[in-house]
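S.K.: Quick one: sequence plus predicted model below, questions after.
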Amino acid sequence: MRRSRKAKIVATLGPATSTKETIRDLFVAGADVFRLNFSHGSHDDHQARYDTIREVEREVERPIGVLADMQGPKLRIGTVKDGSVELEAGQTYRLDLDPQIGDETRAPLPHPEIFAAISPGTALLIDDGKLRLEVAESTPDYAITKVVTGGPLRDRKGVNLPGVILPISPLTDKDRKDLDFALDLGVDWVALSFVQRPEDLTEARRLIGDRATIMTKIEKPAALDCLPQLVALSDAVMVARGDLGVEMPPESIPGRQKQIVHACRLSGVPVVVATQMLESMIAAPAPTRAEASDVATAVYDGADAVMLSAETAAGQYPNEAVAIMDRIIQSTEIDPSYRGIIHARDGETEATGADAISTAAAQVSATISTAAIVNYTMSGSTALRAARQRPNVPILVLTNEIRTARRLAVLWGAHCVHTEDVSNTQEMVDKASRIAVREGFANLGDNLAITAGVPFRTPGTTNMLRIAKIEQ
């Protein structure tokens, strides 16, 4: 099943999309990767959805990626009387470690790490920024704040501290249990929430090893201060605009999104743009014009994938959301200005043989109009290099590693086929030609640009570019 677009779609599964029929329908509509959100649902729920994804994968005979998204350290207010108290702008309000139920004068904030990091002048945003407090006095046990923006303070609402680096790991005890479970399931990607610094990824890499690849969610302003290091340590990056939009002024988010996407493009690291892309479709059968433009902007920027969250997990129109996102991407990619925009800020080719081969393959394909670029790869690194060039033609990835095929489901332009490896050049050309025709990328008489490594079956040896004409 060939997609008629290059950018990919990540769809979140949830209560609205748990049956085999609905998951299959989402795949047919255009979903390339399925996200399991560990902020919600039980392990049994995720197990059932994962098993169903693999059933669908076997039926459609296409590799499907699975992303396990860790909840991360959620900072929340404790409980208050009657579930909600009203705060007035200008009043003084105390936050402390005392677990006693809160009232109009104080509330429990059961996070000593917050009190260790804040100081006078620190802003605390509660309930996605609906309430704003400013610290006037702080100790290791409590803080006296002034209410800047008032409103109802409700039980267990989230707390954000823009500009503050907290002395906590992005993996809580819950996350570690969830991570062990997800790795045992066999997920392809692990998304890490609330990453603040490179050391966070070092810890995660030690725990995950080579059992899955790591997608770093950029949702803290502190992460932007060390963006190049985080990109270098990540297998992929997600522009998680939800919490990032709470902790930063909304007018700064579009520019930051472009900054993150561009940094990933330069490094050849896949990048996913997420949150509120088609938010209105949770309850409506069609998106707003602004949402359609938002999806298109991410595609024009060169994002590898765009993501749906509640739209597919809990919305009333999950299939329609995937289908319209598919159409928006296709329409954007055939826009005459698309190629010029995504190539406007291309980086320099790295001084390696493999990168030189990938660059040459893209140039050859453009010059002689090949039907596709065919990559033989074991680890997926060759496909990453090919996609970094954003070539005009499809990238047909042939790999004998099913894990590689599934992981590359998020990669721009990559159509992955799990197949046996080859042992000589003639077999390489014959197999590439046969699969390109079978998968709908080429016809007899078309040319292919084929990259591979010699000796065959040796990872990391991409050193060959072959132009081949399909003759049988």
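M.R.: Structure received.
S.K.: How far does the top helix by length along the chain sit from its chain's centre?
M.R.: Ordering each helix of the chain by length in residues (DSSP state H) puts helix 43-60 first. A distance of 20 Å separates the centroid of the chain from that of helix 43-60, by C-alpha atoms, centre = their mean, to the nearest Å.
S.K.: Then stretch 404-421?
M.R.: Counting by C-alpha atoms, centre = their mean, stretch 404-421 comes out at 17 Å from the chain centroid.
S.K.: Name the residues of that stretch that come out as buried.
M.R.: Buried residues in stretch 404-421, defined by neighbour count with 16 or more other C-beta atoms under 10 Å: 404-418, 421. The C-beta positions use only the backbone N, C-alpha and C, and glycine is treated the same way.
S.K.: which among those gets closest to Arg3?
M.R.: Arg3 has its nearest neighbour among the buried residues of stretch 404-421 in His415, at 7.2 Å by C-beta to C-beta.
S.K.: give me the element the closest one is part of.
M.R.: strand 414-418 (DSSP states H and E).
S.K.: go on, Asp430?
M.R.: Using DSSP H and E, Asp430 maps to helix 425-438.
S.K.: Name the strands paired with the next helix or strand along the chain from that helix and say parallel or antiparallel.
M.R.: Next in sequence after helix 425-438, counting helices and strands by DSSP H and E, comes strand 447-453. Note on strand 447-453: by DSSP bridges, its sheet partners are strand 372-376 (parallel), strand 462-469 (antiparallel).
S.K.: C-alpha coordinates for strand 447-453, CSV please?
M.R.: Presented in CSV, the C-alpha positions along strand 447-453 are these (Å, rounded to 0.1, in the frame of the first residue of the first chain):
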residue,chain,number,x,y,z
ASN,A,447,15.6,4.0,-14.2
LEU,A,448,16.4,3.5,-10.6
ALA,A,449,19.2,5.0,-8.4
ILE,A,450,20.3,2.3,-6.1
THR,A,451,22.6,2.7,-3.1
ALA,A,452,24.1,-0.1,-1.1
GLY,A,453,27.2,-1.1,0.8
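S.K.: Now do that strand: distance to the chain's middle.
M.R.: Using C-alpha atoms, centre = their mean, the offset of strand 447-453 from its chain centre is 29 Å.
S.K.: all helices in the stretch 301-450 of the chain, in order from the N-terminus.
M.R.: 310-313, 318-333, 338-342, 353-368, 381-388, 402-407, 425-438 (DSSP state H, counting those that start in this stretch).
S.K.: would CSV of those with mean pLDDT be doable?
M.R.: Conversion of the helices of the stretch 301-450 of the chain to CSV gives the following (pLDDT from 0 to 100):
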stretch, mean pLDDT
helix 310-313, 97
helix 318-333, 98
helix 338-342, 95
helix 353-368, 92
helix 381-388, 94
helix 402-407, 98
helix 425-438, 96
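S.K.: To Met248, which of those helices lies closest?
M.R.: Nearest of these to Met248, taken as C-beta to C-beta: helix 310-313 at 21.5 Å.
S.K.: For that closest one, what is the distance to the chain centroid?
M.R.: Using C-alpha atoms, centre = their mean, the offset of helix 310-313 from its chain centre is 15 Å.
S.K.: and what of stretch 169-177?
M.R.: Put simply, stretch 169-177 sits 19 Å off its chain's centre (C-alpha atoms, centre = their mean).
S.K.: State the distance from Val195 to Thr216.
M.R.: 5 Å (C-beta to C-beta, to the nearest Å).
S.K.: actually Ala284, sorry about that
M.R.: With C-beta to C-beta as the criterion, Ala284 and Thr216 are 32 Å apart.
S.K.: For those two, work out which one has more neighbours and name it.
M.R.: A count of neighbours by other C-beta atoms under 10 Å puts Thr216 above the other of Ala284 and Thr216, at 29 against 15.
S.K.: so that one sits in a strand?
M.R.: Yes - assignment of Thr216 by DSSP: H, G, I helix; E, B strand; the rest coil places it within a strand.
S.K.: does it really touch Val239, like I thought?
M.R.: No - in this structure, Thr216 is not within contact of Val239 by C-beta atoms under 8 Å, at 10.4 Å.
S.K.: Please enumerate the helices of the stretch 51-200 of the chain.
M.R.: Under the criterion DSSP H, counting those that start in this stretch, helices of the stretch 51-200 of the chain are mapped to 112-117, 173-185, 198-208.
S.K.: what residues does the helix or strand of the chain with the lowest mean pLDDT touch?
M.R.: Within the chain, no helix or strand scores below helix 241-247, which has a mean of 89 by mean pLDDT, DSSP states H and E. Residues outside helix 241-247 that contact it (C-beta atoms under 8 Å, 6 or more residues apart in numbering): 125, 128-129, 160-163, 194, 218-221, 253, 256-257, 273-276.
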